[in-house]
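Engineer: Based on what follows, work out the 3D shape:
(one chain, ligands or ions: 1)
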Amino acid sequence: MEKLEDSYRAKGLRKQLVKEIMGKGISDPAVIHAIGKVPRHYFFDKIFMEHAYEDKAFPIGEGQTISQPYTVAFQTELTEASPGKKILEVGTGSGYQASILMEMGADVFTIEYNDVLYRKTRMFLPKIGYAPHFFKGDGSRGLPKHAPFDAILVTAGAPVVPTALVAQLVIGGHLVIPIGNMNRQKMVRITRTEENKVVKKEFKYFSFVPLLGKEGWK
Ligand code: SAM
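Structural biologist: The predicted structure follows:
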């Protein structure tokens, strides 16, 4: 791996990005701090580095994307991540979202369906200082052996709320998941308020790659 450097230029561009997402409504200081800390350009090939601090999703291969920073910040705010919280991320992808959660002190479990991305990110992420618990498999089923979780964050669009994921939340835990069709999805937060009771809150529309698997688009 070529040597990665967090140059003054990259730090400056990151500051600008933080300002941009704050302008779009992100206000949680811990989220803002984490976005300002994780070098997003480390997740890009050197030739695409100029794109790393644009507030845009970007292809990472295998038909997948690294989510837009604003979207990452929006979902992270909804999880209410804080030090020691046990969080499951569905859709490891590049590992950027997992790094943000780790930077906030969470105990991160992350699962990826695509074998190429799983292997690539499991090798890469610890090299830049982030070592979540990596899993390969269908995250629409959650991770029953390691449940319950304080929060579950799904970074791909689902047709319906996967019941397995709700069942793997602690009481008071949040499931943050985009729900909709292939083109656009509404961000939804399901909070498990009692053993058999949930409260659902809906937010605005986003556009994610599809969640595959048993409770996804198959
Ligand atoms: N969180 C990622 C990041 O920070 O780069 C972005 C994820 S990308 C928008 C969505 C990811 O979800 C893809 O890597 C895709 O392969 C993965 N995915 C889709 N269905 C899945 C499933 N059932 N279980 C786990 N991962 C899945």
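
Engineer: longest strand anywhere in this protein?
Structural biologist: The longest strand of the chain (DSSP state E) is strand 169-180.

Engineer: Could you look up the next helix or strand downstream of that one?
Structural biologist: Tracing the chain C-terminally past strand 169-180 and defining elements by DSSP states H and E, one meets strand 185-194 next.

Engineer: Average pLDDT for that next one, rounded please.
Structural biologist: Average pLDDT, strand 185-194: 98.

Engineer: Roughly how far does residue 56 sit from the ligand?
Structural biologist: 12 Å (C-beta to the nearest ligand atom, to the nearest Å). In this view, the C-beta of every residue, glycine as well, is placed from N, C-alpha and C.

Engineer: Next, that residue: secondary structure please.
Structural biologist: Secondary structure, DSSP: H, G, I helix; E, B strand; the rest coil: residue 56 is coil.

Engineer: count of neighbours near it?
Structural biologist: Counted with other C-beta atoms under 10 Å, the neighbours of residue 56 add up to 14.

Engineer: could you pull out the helices for this protein?
Structural biologist: Applying DSSP state H to the chain gives helices spanning 8-23, 29-37, 69-79, 96-103, 115-124, 163-167.

Engineer: Compare these and report which one is nearest to the ligand.
Structural biologist: helix 96-103 (3.4 Å; C-beta to the nearest ligand atom).

Engineer: so how far is the closest one off the chain centroid?
Structural biologist: Computed by C-alpha atoms, centre = their mean, to the nearest Å, the chain-centroid distance of helix 96-103 equals 7 Å.

Engineer: do it and the ligand meet?
Structural biologist: Yes. Contact of helix 96-103 with the ligand is found when judged by C-beta under 6 Å from any ligand atom, involving 96-97.

Engineer: Also stretch 29-45?
Structural biologist: No. Interface with the ligand: stretch 29-45 contributes nothing (C-beta under 6 Å from any ligand atom), its closest point being 7.1 Å away.
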